[in-house]
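Engineer: need a 3D model of the sequence below.
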Amino acid sequence: MSSSIPAAIGAKIAFPEREVVAIIGDMGFQGCMAELITAKENNLNILVVLLEDGVQHILRLFQMTYHKSDFSTNVYPIDYSALVTSLGIKSDFSGKSRGNGLQS
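Structural biologist: As a prediction, the model looks like this:
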């Protein structure tokens, strides 16, 4: 969790000529969104695909399996497009409902 953006940054540094894509869920993104500043400061062009569904699925599955109820598994909704735009990063909204596509 929260490792695909840092991994994409490392891949882009190691192989600057390659296209690099990070696929990440909304909770993982919230855990490492500050890494986008690193990408921006170093002019690393990575594509971030954000899958926003508002829930921590693994945690919810674990809780439902072992406790028959879930608690604290919803992801706080934020305006991801506004967030990355405030960093000077291009944001391309695509999809339905809460989904966003982000590119730094």
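
Engineer: quick one: the strands in the protein, in order.
Structural biologist: 21-25, 47-51, 91-92, 100-103 (DSSP state E).

Engineer: pairing partners for the shortest one, with directions?
Structural biologist: Translated: strand 91-92. strand 100-103 (antiparallel) (DSSP bridges).

Engineer: against residue 4, how distant is the residue most central in space within the chain?
Structural biologist: The C-alpha lying nearest the average C-alpha coordinate of the chain belongs to residue 29 (C-alpha atoms, centre = their mean; 3.0 Å). Distance from residue 29 to residue 4, counting by C-beta to C-beta, to the nearest Å: 9 Å. In short, each C-beta sits where N, CA and C put it, glycine included.

Engineer: got a pLDDT number for the nearest residue to residue 85 once chain neighbours are set aside?
Structural biologist: Distances taken as C-beta to C-beta, 6 or more residues apart in numbering place residue 91 nearest to residue 85, at 5.3 Å, with adjacent residues excluded. For residue 91, the model assigns a pLDDT of 87.

Engineer: I am finished for the moment; much appreciated.
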